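Q: Could you work out the structure for the sequence below:
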Amino acid sequence: MSGTPIEEFLGEAEDIIDSLNGDLLSIHGSYSSNRKIDPSLINNIFRAAHSLKGISGLFGFSDLTDLSHTLENLLDKLRMDKITLDENLFDLLFEAVDMLRSVVYGKAEEVDPPPLEEVEDLTRRLTAAESGQEEAENPDDLSCVGQEILSVLTEYEEHRLHANIKGGQNIVKLRAAFELSTFDEDLSDLQETAKDLGEIITTLPSAGESSDDKITFDIIVGTDTSIDTIEENLAGRPASLEVLRKGRPSKTKSPPPPAPPDEEREEENTGDTAAPQEPESTIEEPHDQDAATSLRTMSQTVRVDIGKLDNLMNIVGELVIAKNSLSQLIDKLRAELGFNEMVMELIKNSRTMERKLSELQSGVLEVRMVPIGQTFDKLHRNVRKLSRELDKDVDFKAEGGDTELDKLIIEDLADPLMHLIRNCMDHGIESKSERARSGKPEKGTVNLRAYQKGNHVVIEVEDDGKGLDYQKIKEKAGMVGLVDPEAEYRPEELVECLFSPGFSTADEVSEYSGRGVGLDVVKSNISSLSGAIDVESFPGKGIKFSITLPMTLAIIQALIVEAGGETFAIPLNSVQQGLMIKPEDIQTIENREVIELRGKTVPLLRLDQLFGLNKQEKGDGGPGPLPDEMQKLELQSGDTAPPGVAEMEDGGEEDIVYVVKVGIAERGLGIIVDKLWGRQDIVIKSVGGILRNVRGIAGATELGNQRTILVLDVVDLMEEAAVSLFSMSA
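A: Now for the predicted structure:
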């Protein structure tokens, strides 16, 4: 669950300061023990100060911005070796970290911030330290790397090259060519090997060495490892080694910085054991009056890896299954012993556990929910880039960014949304000249909206372009055999062709369209999230894509049904109502069974026929009695029923047909079943490779009697029944 902007700032700032403080402690520990300084850690604390300056400026905290900016300047001089580290400078750096923490802590409005004059005094002392130790660098000959590489080195990389040459390190170049599809992973693996050898000065693409299917990188490394050892470490790797400069034999990877003369004299006078203790006591012990505030956290936000939340949710899911099993056992005891004292106590405790488990489940789900605005922000940057590349002036508007979805759903949603937006900008929005001829503003509009609708979230992508050309869709679909060119089709039926693999209405193949890859991927990704996508076109005015998604895919409620002697679970968030109809109410249109419901035509699907099941009486193989605690919904007859289904007794009337009306977004379907047992919390598990390609199966779940049943995929079932996108709404 997201916090307020100030809470987000506090969490981010605290993480940065903790990182800065940790790296500074590591540097001080290394310096105190052997006078060695890891340049990467110096660079880390420089970047941390830079990041803190950036977010402080974003929130308008000028005092914090000025202080972190001054610290950043000092650290920049330090990483470039323009000033020398000593204990006095360490004292100042630690004091600056403490002051940053106090200033940020004051933004929480729980305590008074440090006096402004103290902040200004520290800023002046940081500025004095920055300018008071200037050192002139003695430039070595850096031409060993070649002018081509030297010309693109940053100031910091050039400095690190100079420092390695000055320290007598070997300067070597590792060159490797990687496949385009895996170069990021392969390059990262080679960089890890290079880090073990020494310091990576820079990593650059190799000019002129790459090809259409491969890309070549050069890694410049400073190392005191012998050339023979480097070659041994590279054995078996697709990398060549070139020695750019041989260094002096050395046992250390980087030279220790020279100790200041006055510090050397102090060590000689005081002895080995006393010297390192003094600075530690002055650096790490806070003043008494600040001890409480310096050790407390500044925000109530905790960042948790999503993997840990997944593990927690899996545990909750197992508890749900265990709770269902316990309810089954209690029902059996009650059937055997009646309502005696022990059974009543068990029922009472079981219901208490069920309530607490429900609260736990809701709490974990709430933690997993994040605002979709994070994805909207990323899309906004891509739209600006695409607008320039397509030479189309597009105004991108996003609404409903505070709408929350499960973190894992949002992660899988970014690509489908980008596909839809690219489709709108490339196919939908006309060129400036076309829009002018049509009387439209030169600037097109793409709107992205998100809002909650019941237990689903709806995301709409809409443009003000030309809309769909149904005649062109029919012609292209007829060319690839998707439709009969001579037949008549409703617009909503032609829309289905857009989501067919390999289908495209583009006349030419470009970087952005014409390959038939896009909307079919969108539909596949949305379906994998148990969602549906609808399309609505307004000729000459634009098009609207509507994505309907469940808020979470973790633990859901399901309706337990039986068809053809087998038991299935239907996700309850897609169940709209339960119906009892008579066989004569079923009509046949175009070889499809349908019923009329509230003036709309709803297609029917018989589960037993779909899966090739034979009706038979179930004995011990049935689902067994479900817990009495399971919630029930009333089953209604006719078309006036509110949403609901209910458990039916075995051996019901032969002339009654039980229908579960399901629907997602604007689509609907009636599923004919033999029995309806009730609803139950379930955890969907993967069915593995055996049933992965069977249409209509989303996974499997375990009932309270420890029997595994299949969970139906409602979206797949509606597509299998060839339900149109709009005319079947209910």
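
Q: and residue 557, backbone torsions?
A: phi -90, psi 150 (degrees, to the nearest 10).

Q: ditto for the one 10 residues further on
A: The phi and psi values for residue 567, taken as degrees, to the nearest 10, are phi -100, psi 140.

Q: correct me, but it touches residue 708?
A: No: shown here, residue 567 and residue 708 do not form a contact pair, counting by Cβ atoms under 8 Å, at 9.6 Å. For the C-beta atoms, the positions are set from N, CA and C on the backbone; glycine is no exception.

Q: which one of these two has more residues nearby?
A: Counted by other Cβ atoms under 10 Å, residue 567 and residue 708 do not tie: residue 567 has more neighbours, with 20 against 11.

Q: buried sites along the helix or strand hosting residue 345?
A: With secondary structure defined by DSSP states H and E, residue 345 is part of helix 341-368. If you call a residue buried by 16 or more other Cβ atoms under 10 Å, then helix 341-368 has these buried ones: 343, 346-347, 350, 354, 357, 361, 364-365, 368.

Q: can you tell me which of those residues lies nearest to residue 35?
A: Within those, distances to residue 35 taken as Cβ to Cβ reach their minimum at residue 368, with 48.2 Å.

Q: for the closest one, what are its contacts?
A: The neighbours of residue 368, taking Cβ atoms under 8 Å, 6 or more residues apart in numbering as the test, are 306, 309, 313, 406-408, 552, 554.

Q: one more time with 6 Å, if that's ok
A: Neighbour list for residue 368: 309, 406-407 [criterion: Cβ atoms under 6 Å, 6 or more residues apart in numbering].

Q: do residue 614 as well
A: For residue 614, the set of contacting residues under the criterion of Cβ under 6 Å, 6+ apart is empty.

Q: One more pass at 7 Å, please.
A: Residues in contact with residue 614, defined by Cβ atoms under 7 Å, 6 or more residues apart in numbering, are 564-565.

Q: Going along the chain, name the strands of the stretch 451-600 of the chain.
A: Assigned by DSSP state E, counting those that start in this stretch, the strands in the stretch 451-600 of the chain fall at 456-463, 532-538, 542-550, 555-563, 566-571, 575-581, 587-589, 592-597, 600-606.

Q: can I get those strands in a markdown table with distance to residue 94 and mean pLDDT?
A: Output for these, formatted as a markdown table (distance: least, Cβ to Cβ, whole Å; pLDDT from 0 to 100):
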| stretch | distance to residue 94 | mean pLDDT |
| --- | --- | --- |
| strand 456-463 | 47 | 92 |
| strand 532-538 | 56 | 87 |
| strand 542-550 | 49 | 90 |
| strand 555-563 | 48 | 85 |
| strand 566-571 | 56 | 90 |
| strand 575-581 | 62 | 86 |
| strand 587-589 | 80 | 86 |
| strand 592-597 | 73 | 86 |
| strand 600-606 | 70 | 87 |
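
Q: Reformat those strands as JSON lines; add distance to residue 98.
A: Compiled in JSON lines, these are given as follows (distance: least, Cβ to Cβ, whole Å):
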{"stretch": "strand 456-463", "distance to residue 98": "44"}
{"stretch": "strand 532-538", "distance to residue 98": "54"}
{"stretch": "strand 542-550", "distance to residue 98": "47"}
{"stretch": "strand 555-563", "distance to residue 98": "45"}
{"stretch": "strand 566-571", "distance to residue 98": "54"}
{"stretch": "strand 575-581", "distance to residue 98": "59"}
{"stretch": "strand 587-589", "distance to residue 98": "77"}
{"stretch": "strand 592-597", "distance to residue 98": "70"}
{"stretch": "strand 600-606", "distance to residue 98": "68"}
